[in-house]
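*Asks:* Give me a model of this one.
(3 chains)
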Amino acid sequence: MAPQSQEPTPHERVRDIIAGVPAGRVATYGDVAAIAGLRSPRQVGWILREDGSDLPWHRILRADGTAAPQLRTEQLQLLRTEGVLAQGQKVSLRRYRWDPDG
DNA sequence: GGTGTGACGTCGA
DNA sequence: TTCGACGCCACAC
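*Replies:* Numbers count the residues shown, from 1 in each chain, chains lettered A, B, ... in the order given. Predicted coordinates for the structure are as follows:
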């Protein structure tokens, strides 16, 4: 048996994880998916698209530091206000990547 | 019920 | 380094 009522759904975990990313830091879809227990990072994108309006979605980037074309402009603009500067259309994950362990 | 789509990741050339 | 193709899972129609 699996008493799901004792555990948050992956959907809620994703929201909680993203909400826990501090300003000035960024995370990747793959990281969020792994922490949330999801098997596919696409689910993170899907959740954000449907229910991410009240989350710091701009702190979530692809594995290479880029964002989706239709969001890239606003994404980088919001990050810039938090002190995250991008080189062209790519953010230096090595510099801004959020480490949940530290 | 099956099909198409998507805010992704990884591998090979 | 860049590009294309495939895999992956949940949701809308």
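*Asks:* Would you mind naming what in chain A lies close to DNA strand C?
*Replies:* Neighbours of DNA strand C within chain A, by CB under 7 Å from any atom of the strand: A:His11, A:Leu38, A:Arg39, A:Ser40, A:Pro41, A:Arg42, A:Gln43, A:Trp46, A:Glu50. (Glycine included, C-beta is placed from N, CA and C.)
*Asks:* residue nearest the centroid of chain A?
*Replies:* Closest to where the C-alpha atoms of chain A average out (CA atoms, centre = their mean) is A:Ile60, at 2.8 Å.
*Asks:* where does the residue lying closest to A:Leu78 once chain neighbours are set aside fall, phi/psi-wise?
*Replies:* Distances taken as CB to CB, 6 or more residues apart in numbering place A:His58 nearest to A:Leu78, at 4.0 Å, with adjacent residues excluded. Dihedral angles phi and psi of A:His58 (degrees, to the nearest 10) take the values phi -70, psi -10.
*Asks:* ditto for A:Arg62
*Replies:* phi -70, psi 170.
*Asks:* who's in contact with it?
*Replies:* A:Thr28, A:Tyr29, A:Ala68 (CB atoms under 8 Å, 6 or more residues apart in numbering).
*Asks:* Give me the longest helix you can find in chain A.
*Replies:* In chain A, ranked by residue count with DSSP state H as the criterion, the top helix is helix A:69-81.
*Asks:* other SSEs contacting the following helix or strand past it?
*Replies:* Next helix or strand after helix A:69-81 toward the C-terminus (DSSP states H and E): strand A:86-87. Where contact means 3 or more CB pairs under 8 Å, 6 or more residues apart in numbering; DSSP states H and E, strand A:86-87 is packed against helix A:69-81.
*Asks:* Give me the buried stretch members for the helix it packs on, please.
*Replies:* Judged by neighbour count using 16 or more other CB atoms under 10 Å, the buried positions of helix A:69-81 are A:Leu71, A:Gln75, A:Leu76, A:Leu78, A:Leu79.
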